[in-house]
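>>> Got a sequence here, can you build the structure:
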Amino acid sequence: MTPILNRETKQGVYLSLFSGTNIVAAFFFQWYLLSKLGAGIETDAFFASFTIPQFVIAMVGSSLMHVLVPILSTRPRERIDQDAWIAFWFIGLVFGLIAFILIVSANLWVPLLFPGFKGHEAHLTVTLSRIQLAGMILSAVNAVQWAAYHSKQKFIWAECVPMSASIAVLPMLVWALPRFGVIAGAWLTLLKLILQTLFLLPGMGRPRPPRISSYVLREMRRRIAPLLVGTAYYKTDPLVERALLSTALSGSLSLYYFAQQIYGAVCQVLNKAIAAPLVPKMSNFHVRKETSSIRKVYYKKLFIVFLLGTGCLLTVSLLGPRLLGLLTLLGKFTANDITRLYWILICLGGMLIGGLLGQIASVSFYACGDTKTPTKLSMVTYTLYIPCKVFAFLKSGVLGLATVTSLYYLLNFFLQFHFFRRKYLHE
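Below is the predicted model:
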């Protein structure tokens, strides 16, 4: 028993280290861009340009991991690479077509999505969005590549790759941003995804020709269908959010997005280190009907992420102004921006705690092959959330929006927690 625990502990440490380094590099990328250019028109356009690519990836791409890992984990070892390549070609084609349509029509949907952007800001958002949409294709196939690695329980290299790609583009950003402006940030984001895709290819084995008729495509379509029905609805959250923020004070969209990225970074690190390795393990427990093992690992992981999330939130509350003061080092970020960002982070605290706990709850459903229950629950909470969100923004601005967002994440977790216990732990 001890060697297994030691191996798991070491794996968690390495995953946290690599994922953490990747997050720090990505955070530095955004920090440098925001502090060098200041919170204004250019940064608002840059962060707004992520909206549609992130929406499509959130709707389909992120669901691929939840669906593919349980499928591939239960396949014979010799079939994993073949199935992964089939999914790779299929997803690449689908997302390539989606990206092409969105790139061609960008002049039409950008003004509709960001009604507060006019003139140069709207034109810049169109240009940056087209670059980010090319990266969306790579983000989608990366999800397939990561699923292949995770199904083989090769978590370390899967985390080392994005870390290496993120670090590689940082010197280029420092050189290019003063010379070419915010457009350099968009192209370097695309370059990072290209490197990431290339570095992940060896772990998929030799390339295999695409096959339309296969078990993995049939099972993937079956499991992902209920997810898409729900996510097409409740993943519109960023669209609503940034449409509202485009009408707020200049720089508000940048500050709100950056605050979300700070908490999202913590969630991503802990997801890679704790939640992601949980899926293949819990999938096998579920297949063997070992309810007691599922219960034990489920509560253990919830307790761990709750403690870590609470510690992070206390750190932000007590040391936030000092840590955020680093943004002023390059001169374009003001003390007023620091104050605005700090209070957004405080009001978004529920997003951190609810998001961390929600990751464990949702991947537990997915590990049991259940994509319908968490999707239905999210649809219910999102239906309540949207009108509350619009009302809070109109009444209390950015801080009202952040507070309602916190409540949404917490409510979503409590519902998932209750139904998972009742359905799979028989409590």
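
>>> Lys423: neighbour count?
13 (other C-beta atoms under 10 Å). In short, each C-beta sits where N, CA and C put it, glycine included.

>>> you'd agree it is up against Thr373?
Yes. Under the criterion of C-beta atoms under 8 Å, Lys423 makes contact with Thr373 at 6.8 Å.

>>> how about the helices in the stretch 251-400 of the chain?
Using DSSP state H, counting those that start in this stretch, the helices of the stretch 251-400 of the chain run over residues 252-270, 276-287, 291-324, 335-347, 349-367, 372-424.

>>> Indicate which one of those helices is closest to Ile57.
helix 252-270 (13.3 Å; C-beta to C-beta).

>>> what stretches of the stretch 251-400 of the chain score poorly on pLDDT?
327-331 (pLDDT under 70).

>>> What distance do you get for Ala106 to Leu193?
19 Å (C-beta to C-beta, to the nearest Å).

>>> wait, Ala48
19 Å.

>>> Neighbour count for the two, which is higher?
Per other C-beta under 10 Å, whichever of Ala48 and Leu193 has more neighbours is Ala48, with 29 against 21.

>>> pretty sure the more buried one is touching Thr127, no?
No. Using C-beta under 8 Å, Ala48 is not in contact with Thr127, being 11.6 Å away.

>>> Any chance you could list residues touching both of these two?
With C-beta atoms under 8 Å, 6 or more residues apart in numbering applied, the contact sets of Ala48 and Thr127 do not overlap.

>>> What sits closest to Asp81 if chain neighbours are left out?
Distance criterion C-beta to C-beta, 6 or more residues apart in numbering; nearest residue to Asp81, sequence neighbours excluded, is Gly205 at 3.5 Å.

>>> check contacts around the one you found.
Counting by C-beta under 8 Å, 6+ apart, the residues that Gly205 touches are Asp81, Gln82, Ala84, Trp85.

>>> For Lys118, find the nearest of the helices of the stretch 251-400 of the chain.
Per C-beta to C-beta, nearest to Lys118 of the helices of the stretch 251-400 of the chain: helix 252-270, 14.1 Å.

>>> ok, and what's touching that closest one?
So helix 252-270 is in contact with 16, 19-20, 23, 26-27, 30, 34, 39-40, 43-44, 46-48, 50, 241-242, 245-246, 305, 308-309, 312, 316, 337, 340-341, 344-345, 348, 351-352, 355-356, 359, 398, 401-402, going by C-beta under 8 Å, 6+ apart.

>>> Quick check on those residues: which are buried?
16, 19-20, 23, 26-27, 30, 34, 39, 43-44, 46-48, 50, 241-242, 245-246, 305, 308-309, 312, 316, 337, 340-341, 344-345, 348, 351-352, 355-356, 359, 398, 401-402 (16 or more other C-beta atoms under 10 Å).

>>> Can you show me the helices along the stretch 1-150 of the chain?
Secondary structure of the stretch 1-150 of the chain (DSSP H, counting those that start in this stretch): helices located at 2-37, 41-48, 51-56, 62-73, 77-104, 106-113, 119-151.

>>> ranking those helices by burial, who's on top?
Among the helices of the stretch 1-150 of the chain, helix 41-48 has the highest mean neighbour count (mean count of other C-beta atoms under 10 Å), at a mean of 25.

>>> average model confidence for it?
Across helix 41-48, the average pLDDT comes to 89.

>>> Would you convert the helices of the stretch 251-400 of the chain into TSV that also reports distance to Leu198?
Formatted as TSV, those follow (distance: least, C-beta to C-beta, whole Å):
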stretch	distance to Leu198
helix 252-270	22
helix 276-287	22
helix 291-324	32
helix 335-347	35
helix 349-367	28
helix 372-424	33
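
>>> check contacts around Thr74.
Contacts for Thr74 (C-beta under 8 Å, 6+ apart) come out as Ser283, Asn284, Val287.

>>> where are the low-confidence patches of the stretch 51-200 of the chain?
Ranges of the stretch 51-200 of the chain meeting pLDDT under 70: 60-62, 66, 76-78.

>>> Specify which member of the contacts of Gly205 is nearest to Ala168.
Among the contacts of Gly205, Ala84 lies closest to Ala168 (C-beta to C-beta), at 24.8 Å.

>>> which ones are touching the closest residue to the closest one other than its chain neighbours?
Nearest non-adjacent residue to Ala84, counting by C-beta to C-beta, 6+ apart: Ala148, 3.8 Å away. When the contact criterion is C-beta under 8 Å, 6+ apart, the partners of Ala148 are Leu68, Leu72, Ile80, Asp81, Ala84, Gly203, Met204.
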